[in-house]
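1. Sequence first, then the predicted structure:
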2 protein chains.
Amino acid sequence: MLLWERAREPFSGAWALPGGYLEPDETLEGSIRRHLAAKVDVRELSHLEQLETRSEPDRNPLEWQLATAYLGLVPSDLDPALPADTRWYPVARLPRMAFDHGAIALAGRERLRAKLSYTNAGFGLAPEVFTISQLRDVYAAALGHAVSTTNLQRVLLRRGLLEQTGERREPGPAGGRPAALFRFRERTLAITDQFAVLRPPSG
Amino acid sequence: MLLWERAREPFSGAWALPGGYLEPDETLEGSIRRHLAAKVDVRELSHLEQLETRSEPDRNPLEWQLATAYLGLVPSDLDPALPADTRWYPVARLPRMAFDHGAIALAGRERLRAKLSYTNAGFGLAPEVFTISQLRDVYAAALGHAVSTTNLQRVLLRRGLLEQTGERREPGPAGGRPAALFRFRERTLAITDQFAVLRPPSG
DNA sequence: GAGGTTTTTGCCTGATAGTCTCAAACCTGT
DNA sequence: ACAGGTTTGAGACTATCAGGCAAAAACCTC
């Protein structure tokens, strides 16, 4: 998770989610993209979706302020130029955060965790092409628990989310079978879980 | 879905979602509850959750306006006193609506449809006690397709969402076996689908 | 060529949703 | 009392899917 360290009160020195004020006649999504591009040079989000709007009067001690949070994904191989007060945190070990950003961060982590299971959200985190093992590591980092390579491949292939590029990756120094390279077939979010309960009768 | 007919421009005469302006230092959720109580005498929502915040500059032709939509549920046997310009619409046949309320209504319907499958959201729509057949009708209305009584009962019972009251309902004029009465064990939203994919390995 | 490493495939198990059928429990009319 | 109709409830069966295990495949170094 990309966080930056606040330099001004309130919560000076605490870590906060990147963002900023909404300009007149600006879309919330446009505002998020503008602030990300300006502050941390993140220009290419592979996915962006709205999370929640928070309105508790005491969420900012200085003034009444509403905030709409978004969940944005970037590929794991993207490494944008970051200013000194900005850094990546693993989602499993987030620092104490300013305002209610801790709660927002948890909500975002949970949303991502859920969508990795029933959508093709993985395309937002994976590089353009990847091996199943690489993809397993990305999923494991986002989910916070170990992921079975076998199971991951079988689930994603059966759902038709992946396609082989035909290429193979060179094996590492320790040898091993060269891994086939895959890519996500679609790069926009789609629900893929066939197993919704209480679905309409077949007849 | 509870809609009211606008009397003022813009969209005078069109149907709109109930709501209104946010007061200073007011919570979004508090504002929703206040407007519902004042306008349409709906005081007891069995469930209320935030849907989405819309910010398109042209969503209101008169002024730049943000709107945060909520999804609220009331039991199917609740029949609040409604003013003349307000009425219930079946979610399968919604009228053309003011602003972007049509899109919001679709999002709410879809959210409810999904949550009926993987949560206990049914408690928000069902009466306090009910027969499985009654519950099936409520689910069918919300989902927009037929629902199998057998399957509904088995799924909800296996998940431990329902408990029997011990009472039975008197059979109707046509006879028939008297139905057992059930209630939802919990009346707060909880995720109940045991079937999340890519779950942690058992070992 | 032997032994080690990584990837890929196949087989098996368990859990769950959906369908179908029949039994249970009530009614009315003869 | 009993036959026939109606609604509810329970069991058996099937299909699908996720997860675990193990063997095969394809590379490496020594």
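-> Arrived safely. Numbers count the residues shown, from 1 in each chain, chains lettered A, B, ... in the order given.

2. Quickly note the distance from whichever residue of chain A sits closest to DNA strand D to A:Q153.
-> Here chain A gets closest to DNA strand D at one residue, A:G175, 2.4 Å apart by CB to the nearest atom of the strand. All C-beta atoms are positioned from the backbone trio N, CA, C, and that covers glycine. Applying CB to CB, to the nearest Å, the value for A:G175 to A:Q153 is 21 Å.

3. Please apply the same query to A:K115.
-> 19 Å.

4. Which one's more surrounded, these two?
-> A:K115 (20 against 17; other CB atoms under 10 Å in any protein chain shown).

5. Number of residues surrounding the residue nearest to the more buried one when sequence neighbours are not counted?
-> Of all residues not flanking A:K115 in the chain, A:A121 sits nearest, at 4.1 Å (CB to CB, 6 or more residues apart in numbering or on different chains). By other CB under 10 Å, the residues close to A:A121 number 26.

6. Ok, the one 3 residues further on next?
-> Neighbour count of A:G124, defined by other CB under 10 Å: 27.

7. Okay, it and B:A7: tell me how far apart.
-> From A:G124 across to B:A7, the span is 45 Å (CB to CB).

8. what's the longest helix in chain A?
-> Longest helix in chain A, counting residues (DSSP state H): helix A:101-118.

9. is the following helix or strand past that helix up against DNA strand D anywhere?
-> The helix or strand immediately downstream of helix A:101-118 is helix A:132-143, counting by DSSP states H and E. No: Helix A:132-143 stays clear of DNA strand D (CB under 7 Å from any atom of the strand), getting no nearer than 10.4 Å.

10. A:L156 - that's part of a helix, no?
-> Yes: assessed with DSSP: H, G, I helix; E, B strand; the rest coil, A:L156 lies in a helix.

11. my guess is it meets A:A121, correct?
-> No: judged on CB atoms under 8 Å, A:L156 makes no contact with A:A121 at a distance of 11.4 Å.

12. Point out where chain A drops to low pLDDT.
-> For chain A, the stretches flagged by pLDDT under 70 are A:194-195, A:202-203.

13. Just give me the neighbour total for the residue in it that DNA strand C sits nearest to.
-> Nearest residue of chain A to DNA strand C: A:G176, at 2.3 Å (CB to the nearest atom of the strand). Using other CB under 10 Å, A:G176 has 9 other residues around it.

14. Distance-wise, check the residue lying closest to A:N120 once chain neighbours are set aside relative to A:F123.
-> Ranked by CB to CB, 6+ apart and with sequence neighbours excluded, the top spatial neighbour of A:N120 is A:L161, at 4.8 Å. Distance from A:L161 to A:F123, counting by CB to CB: 8 Å.

15. what touches both of those two?
-> Counting by CB atoms under 8 Å, 6 or more residues apart in numbering or on different chains, the residues touching both A:L161 and A:F123 are A:184, A:186.

16. more neighbours, the two?
-> A:F123 (22 against 19).

17. follow-up on the earlier one: so the residue nearest to A:K115 is in contact with A:H47, correct?
-> Yes: the criterion here is CB under 8 Å, and A:A121 meets it with A:H47 at 6.9 Å.

18. what do the two both touch?
-> Common neighbours of A:A121 and A:H47 (CB under 8 Å, 6+ apart) are A:73, A:189.

19. For stretch A:5-19, measure first residue to last.
-> This stretch, stretch A:5-19, spans 12 Å end to end (CA to CA, to the nearest Å).

20. That should have said stretch A:183-199, apologies.
-> 30 Å.

21. Buried residues of that stretch, list them for me.
-> Neighbour-count burial for stretch A:183-199, counted by 16 or more other CB atoms under 10 Å in any protein chain shown, picks out A:183-184, A:189, A:192-193, A:198.

22. which of the residues you listed lies closest to B:E52?
-> Comparing those against B:E52 with CB to CB places A:L189 closest, at 14.7 Å.

23. Just list the residues touching the residue nearest to that closest one when sequence neighbours are not counted, thanks.
-> Among residues not flanking A:L189 along the chain, A:T119 sits closest, at 5.7 Å (CB to CB, 6+ apart). Residues in contact with A:T119 (CB under 8 Å, 6+ apart) are A:189-193.

24. how does it look with 10 Å?
-> When contacts are counted by CB atoms under 10 Å, 6 or more residues apart in numbering or on different chains, A:T119 touches A:47, A:159, A:161, A:189-193.

25. which residues does it bridge with?
-> With DSSP bridges as the criterion, the beta-bridge partners of A:T119 are A:I191.

26. And A:T53, by the same measure?
-> Bridge pairing for A:T53 - DSSP bridges - gives A:T68.

27. Test my guess that it contacts A:Q65.
-> No: using CB atoms under 10 Å as the test, A:T53 is too far from A:Q65 to be in contact (11.3 Å).

28. re earlier: switch the buried residues of stretch A:183-199 over to TSV; also include secondary structure.
-> Output for the buried residues of stretch A:183-199, formatted as TSV (three-state DSSP):
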residue	secondary structure
A:R183	strand
A:F184	strand
A:L189	coil
A:T192	coil
A:D193	coil
A:L198	coil
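
29. Quick check: the farthest pair among those residues?
-> Using CB to CB for every pair in these, the one that comes out farthest apart is A:R183 and A:L198, at 34.0 Å.

30. Work out the gap between stretch A:21-36 and the centre of the chain.
-> On the basis of CA atoms, centre = their mean, to the nearest Å, stretch A:21-36 sits 19 Å off its chain's mean C-alpha point.

31. cool, and stretch A:81-89?
-> For stretch A:81-89, the distance to the chain centre is 17 Å (CA atoms, centre = their mean).

32. buried sites along that stretch?
-> In stretch A:81-89, counting by 16+ other CB under 10 Å, buried: A:T86.

33. what comes into contact with that stretch?
-> With CB under 10 Å, 6+ apart as the test, stretch A:81-89 has contacts from A:1-7, A:15, A:18, A:39-42, A:74, A:79-80, A:95, A:97, A:105.

34. Lovely, talk soon.
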